[in-house]
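Asker: Next come a sequence and a model predicted from it.
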Amino acid sequence: MTAALEVRGLTTRFATRTGHVTAVNDVSFSVSPGRILGLVGESGSGKSVTGFSILGLIDEPGEIAAGSVLIEGEDMRGLSAEAQRGMRGRKVAMVFQDPMMTLNPVLRVGDQMAMAVRVHARVSKKAAWARARAALDTVGIPAPDERLLSYPHQLSGGMRQRVAIATALLHGPAVIVADEPTTALDVSIQGQILAEVRRLADETGTAIVWITHDLAVVSSLADDICVMYAGRIVESGTAEEVIADPRHPYTRGLIQSVPSLHEPGRKLPQIPGSTPQLSHLPSGCAFRPRCPRATEICATDPPDAGQGHRLNLCHHPLGAA
Amino acid sequence: MTEPLLEVRDVSKRFTREAGLIERGIARLSGARTGSTVHALTEVSLSVARGEVLGIVGESGCGKSTLGRIVSGIYAPSSGEVLLDGAPVARERGGTAHKLTSKVQMIHQDPFASLNPRMKVGETIGEGPRVHDLGTAREVRERTAALLEKVGLEASYADRLPHQFSGGQRQRIAIARALAMEPELLVLDEAVASLDVSIQAQVLNLFGELRQDLGLTALFISHDLSVVRHVCDRVAIMYLGRVVELASAAALYAKPLHPYSAALFASVPTLGTGRARFHAIEGEIPSPLDPPGGCAFHPRCPMAGPRCSVEIPRLTRPEAGREVACHLHDGGTGRAEVAA
Amino acid sequence: MSGAVHDVATTTGGTLAVPSAAPRETRGERLRNFWSDYRQSPVAVVSLIVIVVLLFISFGAALVTPQDPYDLASLDWLDAFLRPGTEGSGGYVHWLGTDNAGRDMVSAIFYGLRTSFVIGLSAGALALTIGVSIGLTAAYFRGPLEAVLMRIVDLQLSMPAILLALVVVAVLGQGVGQIVAALVIAQYAYFARTTHGAATVERGKDYIEAARSTPLPTWRVLFRHLLPNVMTPLIVVATVQVASAIALEATLSFLGVGLPLTEPSLGTLISNGFKYIHTDRYWLSIYPGLFLMATVVAINLVGDQVRTVLDPRQSR
């Protein structure tokens, strides 16, 4: 079975006054239909840029320098700008952190969604409207007819995000990239949306890339996890494996930083220092200055110490001999 | 028993949006009503003992940020009072609050907006002490250097501008600024919410150290249940402007009494639950402009009964040290009428 | 370690926080960066050179010109209407000709430029001070004060500047001071509105709240915290408003209610020469007009480029 999404060696960089900054460095992963991949990282890890690169939404001064993005086997990078636009929304769609990036504040929800339908499908306005209504139903929005007639500002944050997700689903894309869509929402609403998304992936067979910094969310939602640091994927595997048995020191440090795993009041195990500036990365492993297991050899590029589907970019992986 | 350091007595806060002249004229002609009132807080009472950290937890519209600002003296309450060591924190004059004490200091959520972008970090930290004559210029400078080191930064950073620092470092600077005024109470308004997980751990540890070192008392406002459990001695859960439950952190997390608290805990994914199903709470959070009648939570409550839509539950004490505002726990009459 | 990020615009209209490459910048570096960004537009660089040259010749007019056109004794009726390039009785060539009173056009224009700059810059500075104060006060104190102040500002903005200036001159009479007053009244509203907009945004930010809740005295919050952070958009407005003041003053003088012919500004010169525009004595009006145009256009182009450079979305 072809993977719905396959990313191979993706490299994205930005031109700055003092040279190039590589935000995404040789990133590769694949997502099968109906599975959810959690792309986890902190700020500066390159996870959002990866998401935008998959959609081809990188503009000056950024560029995708290398690699391929295969949606159902077709390489986005090999297509013309026109053809890429044809893919966006139809085969691969994005949900942003701020639903107002998807929704136009001066148009009614129904009008916008109908427009989104008719961009890729030659149907009548009525048919487009019906499809929009069906999509709202699918994401569990009550009273969809009323919602279609509303303006975005009349909806709550959670509702807007659901509309954004519905819009992403309009053409039944093979892949949806979701960039921190629940980070700005209330906890209980987040819970609702996560439950919906899980159900949607199971029912429609859409592959989902869920970009987040929240380990708890990813542990409850995702099937597979890729952990990113300084533009690279440092560890990947199934969600159970990575959370229960992390092999990379950064992953373990990240998991250990979460308060819920520790006794209240005790000092939390912390990763010293802060994420490096991409323009001043140390040689070899980018995590070296903060890693409790670093030695001289870490000044050289770390090999993949993982086995099979588990990737682990480390000279001194945990759990091994 | 010693007097509590902070006392919030029956505080309510209403924000009214007055219609403009023209709107009012049109409304008079058409018979419509004008102006809208947001009941941000309604009859909130709590107290914080010296050396204690009280957590305030809730979602949008619960009023926790408003409460934080009233305690800090930035807003004045519409009714009720806030006392620090027996003295009021702010005074209302002509519609604005005038802060009376520098002994309450706040640390804000957004590290990228809480420091003056055009002021050197050392000046920002030292400005309050200088204006309030807490020492000579030299003493203030030395204290600034000491504070920077205390929060885990280098003293030489005093000459840098905020944009040269990361989010976590800026929060440390904000903490230093707050501590420079030698406060008795700190209000942390979602102070770690904008930080990466690993940086959050650092800042939480720093707070823990400072708390022990300086005997800090704090109001810790957050939406993050796991952080609150880690840091706070007691926790108050708020919903739509009211306190619905108040208990020690240990007791609350072990056995939440209010249905909202219980539902909140159940709906939040936590690390380690794996792919366990989390039970999402039904429905939307109501708007503070149009709250439901009776208990504000009743439309979403799985245990709601007929009394719940009519009567607002009062805070009662089912056990020592715990308060709940729910008909299920107010002496039994509620329970008899709870629908199956 | 510094970890600054900057925003990069994306196709979707949002921004990506991209870790930026440069660590801390000194003031010298910032100026150099500003200049290298500014240099991206050759037109703007030329405009800047033009302004510098104009400023030099206008303020150094006494050194550069052969004649002092304000000194009535030095004028000779016999030199009237000399064509450009002809030699006059003073023994020097009138490169741009002479006017109806025998004034050397070059001298008149240079002195006139000086008057224009002095009036434009002083009116601009005063309008800035008054406008910024009003905008800041309105944004900080809000409530009825803000409503009243900004309604007055809005009212003024809806009236054409020239109309306002004419009314003021009609009331106050003519003269340099009165002209400046008229210009200030016509222009402070732009500063007030820009400041009010920027200050309202900054006012809502946490650092202002933190300053207030230290607590710091109000004046300190206004001048040490709020004001420095609203200056940036004002630079652009100030540049454009100076050009506008120069043009406005010229208009007033052209209409005859500005500066008198004894101390002419460019507008007066244009006005004076206007009656001859249909004869072949074009040089009385055209050359002052060209210099006026060059000044106003150059200032506007510089302001434009400064705005482009300072706008974070457009910087590269």
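Answerer: Yep, it's here.

Asker: can you count the residues close to the nearest residue to residue B:103 once chain neighbours are set aside?
Answerer: By the measure of Cβ to Cβ, 6 or more residues apart in numbering or on different chains, the closest residue to residue B:103 outside its immediate chain neighbours is residue B:184, 4.4 Å from it. All C-beta spots, glycine's among them, are computed from the backbone N, C-alpha and C. Neighbour count for residue B:184, taken as other Cβ atoms under 10 Å in any protein chain shown: 18.

Asker: In contact with residue B:184, which residues are there?
Answerer: For residue B:184, the contacting residues are B:5, B:84-85, B:103-104, B:217, by Cβ atoms under 8 Å, 6 or more residues apart in numbering or on different chains.

Asker: Roughly how far does it sit from residue B:218?
Answerer: Residue B:184 is 10 Å from residue B:218, where distance means Cβ to Cβ, to the nearest Å.

Asker: Same check on residue C:30?
Answerer: In terms of Cβ to Cβ, residue C:30 sits 39 Å off from residue B:218.

Asker: ok, the two, which is more surrounded?
Answerer: The neighbour count for residue C:30 versus residue B:218, taken as other Cβ under 10 Å, is higher for residue B:218 (25 against 10).

Asker: how about residue C:188, secondary structure?
Answerer: helix (DSSP: H, G, I helix; E, B strand; the rest coil).

Asker: Three-state assignment for the residue nearest in space to the middle of chain B, please.
Answerer: Geometric centre of chain B, nearest residue: residue B:221, 3.5 Å, by Cα atoms, centre = their mean. Classification of residue B:221 using three-state DSSP returns strand.

Asker: Spell out the residue ranges of the helices in the stretch 1-150 of chain A.
Answerer: For the stretch 1-150 of chain A, applying DSSP state H, counting those that start in this stretch gives helices covering A:47-55, A:81-87, A:109-120, A:125-138, A:144-149.

Asker: List the buried residues for the shortest one?
Answerer: Burial within helix A:144-149, assessed by neighbour count using 16 or more other Cβ atoms under 10 Å in any protein chain shown, is assigned to A:144, A:147-148.

Asker: what's the burial count for residue C:217?
Answerer: Neighbours around residue C:217, by other Cβ under 10 Å: 11.

Asker: And residue B:46, by the same measure?
Answerer: 22.

Asker: And the next helix or strand past the helix or strand hosting residue B:71?
Answerer: Counting by DSSP states H and E, the element that carries residue B:71 is helix B:64-72. Scanning forward in sequence from helix B:64-72 by DSSP H and E, the next helix or strand is strand B:79-84.

Asker: what pairs with that next one, and is each one parallel or antiparallel?
Answerer: Strand pairing for strand B:79-84, using DSSP bridges, gives strand B:6-17 (antiparallel), strand B:87-88 (antiparallel).

Asker: which residues in chain C form helices?
Answerer: For chain C, helices defined by DSSP state H occupy the ranges C:27-38, C:42-59, C:61-64, C:105-141, C:143-157, C:161-172, C:176-203, C:206-212, C:218-220, C:231-254, C:266-274, C:283-310.

Asker: Which one of those helices lies nearest to chain A?
Answerer: Each of the helices of chain C has some distance to chain A by Cβ to the nearest Cβ; the shortest is helix C:27-38, at 7.3 Å.

Asker: List the contacts of the residue most central in space within chain C.
Answerer: The residue lying closest to the centre of chain C (Cα atoms, centre = their mean) is residue C:242, at 1.1 Å. Shown in contact with residue C:242 (Cβ under 8 Å, 6+ apart): C:120-121, C:124, C:299.

Asker: need the residues of the stretch 51-200 of chain B near chain A, please.
Answerer: Counting by Cβ under 8 Å from any Cβ of the partner chain, the stretch 51-200 of chain B comes close to chain A at B:59-60, B:166-169, B:196-200.

Asker: how about a cut-off of 10 Å?
Answerer: Those residues of the stretch 51-200 of chain B that sit near chain A, judged by Cβ under 10 Å from any Cβ of the partner chain, are B:53, B:57-62, B:165-169, B:192-200.
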